[in-house]
Every structure is written in structure tokens, then in C-alpha cells.
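Visitor: My questions are about this predicted structure, shown below with the sequence.
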2 protein chains.
Amino acid sequence: MSVDIAKSKDGKGTAKAGGAEAKASNAVGPKSRDGRDRLLAGAGRLLAERGYSAMELRDVAERGNAPRGSIYHHFPRGKSQLAAEAAALDGERTREALEQALAKRGVKGTLRLFADFFRRQSSRHPELIGCPVAAAALAHPEDPELAEVATRAFASWEEPIAHALEIDGIPAKDAAAFAALTVSTIEGALLRTRAAANHAPLDLAVTGLETAYDTLKERTIPDGDPQRSV
Amino acid sequence: MSVDIAKSKDGKGTAKAGGAEAKASNAVGPKSRDGRDRLLAGAGRLLAERGYSAMELRDVAERGNAPRGSIYHHFPRGKSQLAAEAAALDGERTREALEQALAKRGVKGTLRLFADFFRRQSSRHPELIGCPVAAAALAHPEDPELAEVATRAFASWEEPIAHALEIDGIPAKDAAAFAALTVSTIEGALLRTRAAANHAPLDLAVTGLETAYDTLKERTIPDGDPQRSV
């Protein structure tokens, strides 16, 4: 989903680059880690904007403000490794942002936070909005390992959503299906937002998710239960 | 979504190529229309499998069993025109299949029909499953006209779904949001199905949609209403 809620204007988000990045950078010192990080950031944006086939290393180097030769220094397996680590990093950041938002705001508050984030993102360059993990998903069959990164990332987003729904009292089976629905909906809505070059498709999809959440919760928690208006 | 329900094994589907194709073929005779149709079919599959950037005309000609020179005969504006007409044709076919399924089976029956279709499609080449209209959506900003084809197609799918929901008694606003939710969910789930190379993500997303539909309908139509079990 390409989320960095830490940059959100409302200042409420707190997600930061997490475990994946730290792990990926174990072997290098601080300065070379900066170059590595910039290349990963550039690769993530290009993946989202152009897809895996059209992601070119010379553009990654330019976006990352790094010499092209440094790509093979940091990523000996080249484009494939760079794309896989960039997608995994985006997946990890998004999972952390989701977990933090769910803990603080619950399911509906999190939906709103993410929708606001994508709305702001699409207000700048709606025709470029995209998700590095979705791009990784579409790399099948060209690069099966990259597609696997996407599948793991999608699952890692579903888990905290399903968990939050169970805490809300939704039965485990419904919680798992609603979490899957949420992730697929957001990915489909981002694709439609890009086509439309405006965030109307995203808004309507999120409204649909909110209504689905409300009705699911109403069914689960009978009238009169004080938790009903959560 | 790349639907040709007419080819479904259960023999219940009846959707066929419709208006868009007929319109596109007005100016040419039967034999040359066959070549045109084959090129469009090849382009639609390649769009879904590879995306717009990686769709190459020599492969379209090969898939369409047509000489490469015939592409510019039928599509003077080349790749851009071919992709736009292929995506528009898929959009039109899917809309017709949706309308027919909704009229015969209602919303849940239609969800099941489409899910079955995609399940069969993904059982053959799950790593190649995709949607020509989604590929057209991702052509922004490279080819804004192609992205517009996608936006029109998505809207044309939402309309009959929203209409069917209103017939079911769902208020217009909820119906529009649920229709948007449905289209975005299926597109996101196809992308995830491709990454996973199996139809589990599709199944779970459709289960989520079915539950969302049931709960929305339960809220709309109070207990005891004879229509409730529709």
C-alpha cells in the first residue's frame, strides 16, 4: 500500500521504517546504509509508479541519488533483489503502521487514517498512485520470488486487521474474511484511483468497507450492548 | 475482470461478445473481422498477463494468429488503439455478463458465478490470471486514454450491481458504495490470486463480500420479512 504514516500532515501517525530495513542493512556501515536506503526508497517508488517490468536500474540510481554502480554493491543480485527488498520493506512498514493505528484507533479509525493518507498522496500525483507490493504481485510469473514477497506482505496486513476484529467481538471466521476483503478492496481501489486520477473510487470503496464493518458489528453485538457504538 | 461466462463449464452462463465488438467492426467484412477479433482477443490476454508496457505487438500478432502487418491495417494507431479497444471490449463483455447474471441469479448468485469462473481460470494458470481493464488502469500516466477506458469500464460494472442492490431494497447510497466495494475487491483479489498462484485470496475476499451483503440486507430488511432469505 506504500504507507509512511509518519509523514502524515496531521502528525498523529507514528509508523517508521522497521525490522525489514534494519535486517537488510546489518552488514553495512551507517554511510553506506544511507545509500542503500535511498536506493530502496527509489526502487519502491518506481515499482509503484511503473511496475516491475518497466523499473529500470538507471532510474532507481537517479531517484536514489546514488551512482548506478552502487546498486550491485548493495544488491549483488541486481534488479530482482532490489525489488524484493523494496517490496518487503513497504510491506513491513505498512504492517507496523496498521498495527499502531489499530491499537490506537480501532478498525474504523484505521480505515479513515489510511484513506486520508492515500487521499493526500493522490492529491499530489493521482496518476502515479500505486503500491510496490501490488507491483510485486504482478511480477508473477516473471519473478516468482518477488510475487512471494507480495503474498507474505498481504498476509502480514490481514493478521493485525483480523486480530483487531476479533477483539471487537467478531467471530474468527468473519474476521478473517473481512480482513481479506479490506486488503483486496484497498488494492483494487488504489488501482482505480490511478486510472481515474482522482480519489473518488477510493472514497467510495472505503465507505463500502465502513458500512460493511458497521453492519457486521451490529449483527455481532446485539442492540443495547454498550459497546455497540464503538 | 476478463470474463467470458459463455465458456463456463456449467453451461449456465450465456454472456457473449457484445456491442463494443460489433461497433468496432462496422467498417470491415467478415473475414477481416475475424482477424481483427483475433488480434483483439490476443491483445486482451497479453494485457492481462503482462501489462501495457510489456505488451508487444509481435506477440499480439502471434497470439492472434495474424501477420504483424495486419495490426496497422486494423488498428492504424497501433498499440495504443489495440489496447484501448481490447480493454473496452473486455469491459463491455463483463458488463453484459454481469447484467445477465444479476437478472437471473441476484447479487449473491452473481458473486458465486464470477468467483467460480475465476477459480476455473486460475486453476489452469494461476500465475497468469489478470484483468485487461486493470492493466489499462495502470497505464496512467503513460497512456491517459487507455486509463479512461478502464475508468469507464469500472463504472459500467458498478451500475448494474448498484441497480440490483436497490431492487433488493438496499438504499441507493449503500448500494452505490457496495457496488464500488465489489468491483475494487474483485480487482484486488485477482491481483492477490496472481501473486499467490492459487485462488485462496479470491475465495476469502468473496466470502467477505457475501457476508457484507448478507449483513447489509439483514439490516435493510427486518427480521420476519419473507424476502429476508433471498
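Guide: Thanks, I have it.

Visitor: who does the one helix or strand A:Arg119 maps to touch, helix- and strand-wise?
Guide: Assigned by DSSP states H and E, A:Arg119 falls within helix A:78-124. Secondary structure elements in contact with helix A:78-124, counted by 3 or more CB pairs under 8 Å, 6 or more residues apart in numbering or on different chains; DSSP states H and E, are helix A:19-24, helix A:30-50, helix A:57-63, helix A:69-74, helix A:132-137, helix A:144-167, helix A:172-196, helix A:200-220. C-beta: built from backbone N, CA, C; applies to glycine.

Visitor: Swap in 7 Å and give it another go.
Guide: Using 3 or more CB pairs under 7 Å, 6 or more residues apart in numbering or on different chains; DSSP states H and E as the contact definition, the elements that helix A:78-124 packs against are helix A:19-24, helix A:30-50, helix A:69-74, helix A:132-137, helix A:144-167, helix A:172-196, helix A:200-220.

Visitor: For A:Thr110, which of these is the nearest?
Guide: Closest approach to A:Thr110 among these is made by helix A:144-167 (7.6 Å; CB to CB).

Visitor: What residues sit buried inside the closest one?
Guide: Within helix A:144-167, the residues that qualify as buried by neighbour count (16 or more other CB atoms under 10 Å in any protein chain shown) are A:146-158, A:160-162, A:164-165.

Visitor: Could you tell me how many residues sit around A:Gln81?
Guide: The local packing of A:Gln81 (other CB atoms under 10 Å in any protein chain shown) involves 18 other residues.

Visitor: give the contact list for it.
Guide: Neighbour list for A:Gln81: A:Phe75 [criterion: CB atoms under 7 Å, 6 or more residues apart in numbering or on different chains].

Visitor: Would you quantify the distance from it to chain B?
Guide: From A:Gln81 across to chain B, the span is 18 Å (CB to the nearest CB, to the nearest Å).

Visitor: before we move on, what about A:Ser184?
Guide: On the measure of CB to the nearest CB, A:Ser184 and chain B end up 3 Å apart.

Visitor: residues near the residue nearest to that residue when sequence neighbours are not counted, how many?
Guide: Counting by CB to CB, 6 or more residues apart in numbering or on different chains, B:Gly188 is the residue found nearest to A:Ser184 once chain neighbours are left out, at 3.4 Å. Counted by other CB under 10 Å, the residues lying close to B:Gly188 total 32.

Visitor: A:Ala134 too?
Guide: Each residue near A:Ala134 was counted by other CB under 10 Å, and the total is 29.

Visitor: cool, and A:Pro76?
Guide: Other residues near A:Pro76 number 8, with proximity taken as other CB under 10 Å.

Visitor: if I look at it, how far off is A:Glu85?
Guide: In this structure, A:Pro76 and A:Glu85 are 12 Å apart, going by CB to CB, to the nearest Å.

Visitor: for the residue nearest to A:Ser184, what are its contacts?
Guide: A:183-188.

Visitor: and with 6 Å instead?
Guide: With contact set as CB atoms under 6 Å, 6 or more residues apart in numbering or on different chains, B:Gly188 has these partners: A:184-185, A:187-188.

Visitor: And for A:Ala212?
Guide: When contacts are counted by CB under 6 Å, 6+ apart, A:Ala212 is found next to B:Ala212.

Visitor: and it, what pLDDT?
Guide: A:Ala212 is assigned a pLDDT of 95 by the prediction.

Visitor: Check A:Gln121 too.
Guide: If you check A:Gln121, the pLDDT there is 87.

Visitor: For chain A, which residues are neighbours of chain B?
Guide: A:51, A:53-54, A:127, A:134, A:137, A:140-141, A:147, A:150-151, A:154, A:174, A:177-178, A:180-181, A:184-185, A:187-189, A:191-192, A:194-196, A:204-205, A:207-208, A:211-212, A:215-216, A:219 (CB under 6 Å from any CB of the partner chain).

Visitor: Please list only the buried members of these.
Guide: Neighbour-count burial within these applies to A:51, A:53-54, A:127, A:134, A:137, A:140, A:147, A:150-151, A:154, A:174, A:177-178, A:180-181, A:184-185, A:187-189, A:191-192, A:194-196, A:204-205, A:207-208, A:211-212, A:215-216; the criterion is 16+ other CB under 10 Å.

Visitor: Can you lay out the contacts of B:Gly188 as TSV showing distance to A:Gly109 and pLDDT?
Guide: Below are the contacts of B:Gly188 laid out as TSV (distance: CB to CB, whole Å; pLDDT from 0 to 100):
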residue	distance to A:Gly109	pLDDT
A:Ser184	21	98
A:Thr185	17	98
A:Glu187	21	98
A:Gly188	22	98
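
Visitor: farthest pair in those?
Guide: Greatest spatial distance in those: A:Thr185 and A:Glu187, 7.4 Å, computed using CB to CB.

Visitor: Torsion angles phi and psi at A:Gly130?
Guide: Summarising the backbone geometry of A:Gly130 under the convention degrees, to the nearest 10, its torsions are phi -180, psi 180.

Visitor: OK, contacts around it?
Guide: By CB under 6 Å, 6+ apart, the neighbours of A:Gly130 are A:48-49, A:194.

Visitor: Please report the distance of it from A:Ala48.
Guide: Counting by CB to CB, the gap between A:Gly130 and A:Ala48 amounts to 4 Å.

Visitor: thinking A:Trp157 is in contact with A:Val183, fair?
Guide: Yes - if you go by CB atoms under 6 Å, A:Trp157 and A:Val183 touch, sitting 5.2 Å apart.
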